[in-house]
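Asks: I would like the atomic coordinates for the input below:
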Amino acid sequence: MSAGEEHEDLLGINKLSVDYSYLLYKIQDHVESIQLQTTKICVSENQSITEGIIANIVDKNIEDYNLLLKKCEELEHYFDMLDQIEVISETFKDRLREATKDLVDINRKRGHR
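Replies: Residues are numbered from 1 along each chain as shown. So this is what the prediction gives:
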């Protein structure tokens, strides 16, 4: 060893350089570990948010479809009521014709007496 190298070793520059490099390595390793954890958390949160949003959209769509289905069932009920009114009105027309005919027949019979 030369005198300059011995002087550096006496001051511990080589050890200091190695320790500094090791410290930088440990800091970089720790930062990478934090980065990986942060990335995992962000991906997990993003997935939860996305699934939550999708679940909310699906729930809202189901709610809307159920409401639409209820309105369709009400509309079908009204159509059934209209069909019943049609049947009643048709039989009413027939009964009215029959009553009119009977009245005419009764009036004829009375007129012939």
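Asks: what secondary structure does Ala99 sit in?
Replies: helix (DSSP: H, G, I helix; E, B strand; the rest coil).
Asks: That one: how many residues sit nearby?
Replies: 10 (other CB atoms under 10 Å). In this view, the C-beta of every residue, glycine as well, is placed from N, C-alpha and C.
Asks: could you check the distance from it over to Lys15?
Replies: 123 Å (CB to CB, to the nearest Å).
Asks: Check Ser44 too.
Replies: 43 Å.
Asks: Low-confidence regions, the chain specifically.
Replies: Where the chain drops to pLDDT under 70, the residues are 1-10, 112-113.
Asks: hmm, try it at 80
Replies: 1-12, 111-113 (pLDDT under 80).
Asks: Now do the strands in it.
Replies: Per DSSP state E, the chain carries no strands over any range.
Asks: which residues in it form helices?
Replies: Secondary structure of the chain (DSSP state H): helices located at 3-11, 13-112.
Asks: separation between Ser17 and Arg108?
Replies: For Ser17 relative to Arg108 (CB to CB), the value is 134 Å.
Asks: now swap in Glu63 and tell me
Replies: Distance from Glu63 to Arg108, by CB to CB: 67 Å.
Asks: try Ile54
Replies: Counting by CB to CB, the gap from Ile54 to Arg108 is 80 Å.
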